[in-house]
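Asks: return atomic coordinates for the entry below.
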Amino acid sequence: MNIFVLMKRTFDTEEKITIVDGKVSEEGAEFIINPYDEYAIEEAIQVRDKHGGEVTVVTVGNEDAEKELRTALAMGCDKAVLINIEDDVEEQDQYTTAKVLAEYLKDKNPDLILAGNVAIDGGSGQVGPRVAELLGIPYVTTITKLDIDGNKVTVIRDVEGDEEIIETSLPLLVTAQQGLNEPRYPSLPGIMKAKKKPLEELELDDLDLEEEDVEAKTKTIEVFLPPKREAGKILEGEIADQVKELVRLLRSEAKVV
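Replies: Prediction:
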C-alpha cells in the first residue's frame, strides 16, 4: 500500500507566544511535529504494518523542518520528503501548501493519505481537504477509527460530541482526530535507523511550479493576543440583592442582556 502523511512543523505547545510587529515571533522558539499529525503518522505506520507497503512523510516549509521529518522517520516512517519553498515564495497560505502537496502527489498513485485534523498554530483544517479536492479523491475528516478491507474503507468520525460511520473506498484522504490512536515515541534503534533513511529535498522547480502558481489567496493583516482577563467580582449580601446586582452588571458592563 502506498501511504503518505502530510506533516507540519509547529510551535511547541509549551512555547509562550510573542507578537512582534503584528506577527508571531519565532525568535528562540522550539518546534515540534504538529500533535494532530502525530496521530496521522502513527495510523499510517499501523496500516503499513497490517497491510504492507511503505509510508512517506511529506512537509512543505524550509530546511529547519528536517528535524521533525527525522523524528517521523524515527517513529517508523520509511521515507521523508521536504519541499522547500522558502526561497521561492514570500507569502503562503493554506492554498499554497495544498497546491504544492497536490502537485507532488499527483503522479505518486497514493492509496491512502493521512493528515492531522488541524494544525495547532493556524487551526483552519483546510490543507487536507484542499489536497483531496485537487487530486479528485474522496476525503473524510476528524476520524477516530480506520478499518481497511481490500479496497473498502470504513471510518468513524467525530461529529460534535457524537460519531458518524462512513463507508468509502481507496484512494482516500483522511484527517486524524485525537483518540484515533496513541502515537509512539521514537525508540533509540528507531532514531539510529532514521539517520540512514532517505530524506529527499525538492523545490518548486522540481515540481514544475512557478511562484504565481502557488500565490497565496489570503493575507494576514495582523496577529494579536487576546486581551487580558479582568479580575472577577464577588457579589455579597442577600440573594435577592445579589441577583439584582448581577442583572445590572450584565446589562451595564457586560452588555449581554
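
Asks: tell me the domain boundaries of the protein?
Replies: 2-214, 227-257 (automatic domain parsing).

Asks: endpoints of stretch 202-215, how far apart?
Replies: Distance between the boundary residues of stretch 202-215 (CA to CA, to the nearest Å) amounts to 18 Å.

Asks: quick one: contacts of that stretch?
Replies: 81-85, 87-89, 92, 95-96, 99-100, 103-104 (CB atoms under 8 Å, 6 or more residues apart in numbering). The C-beta positions use only the backbone N, C-alpha and C, and glycine is treated the same way.

Asks: can you flag the buried ones in those residues?
Replies: For these, a burial check counting by 16 or more other CB atoms under 10 Å picks out 81-85, 89, 92, 95-96, 99-100, 103-104.

Asks: now render these as CSV, adding pLDDT, secondary structure and distance to residue 201.
Replies: Shown next, in CSV, are those (pLDDT from 0 to 100; DSSP: H, G, I helix; E, B strand; the rest coil; distance: CB to CB, whole Å):
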residue, pLDDT, secondary structure, distance to residue 201
81, 97, strand, 8
82, 97, strand, 5
83, 96, strand, 8
84, 94, strand, 6
85, 90, coil, 11
89, 85, coil, 15
92, 86, coil, 17
95, 93, helix, 23
96, 93, helix, 18
99, 95, helix, 19
100, 96, helix, 13
103, 96, helix, 16
104, 97, helix, 12
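
Asks: which of those residues lies closest to residue 169?
Replies: residue 104 (23.0 Å; CB to CB).

Asks: state the distance from that closest one to residue 10.
Replies: Residue 104 is 20 Å from residue 10, where distance means CB to CB, to the nearest Å.

Asks: ok, now residue 66?
Replies: 15 Å.

Asks: could you do residue 173 as well?
Replies: Distance from residue 173 to residue 10, counting by CB to CB: 20 Å.

Asks: next: residue 190.
Replies: For residue 190 relative to residue 10 (CB to CB), the value is 22 Å.

Asks: likewise residue 210?
Replies: With CB to CB as the criterion, residue 210 and residue 10 are 28 Å apart.

Asks: who's more crowded, those two?
Replies: Higher neighbour count among residue 210 and residue 10: residue 10, with 20 against 11, using other CB atoms under 10 Å.
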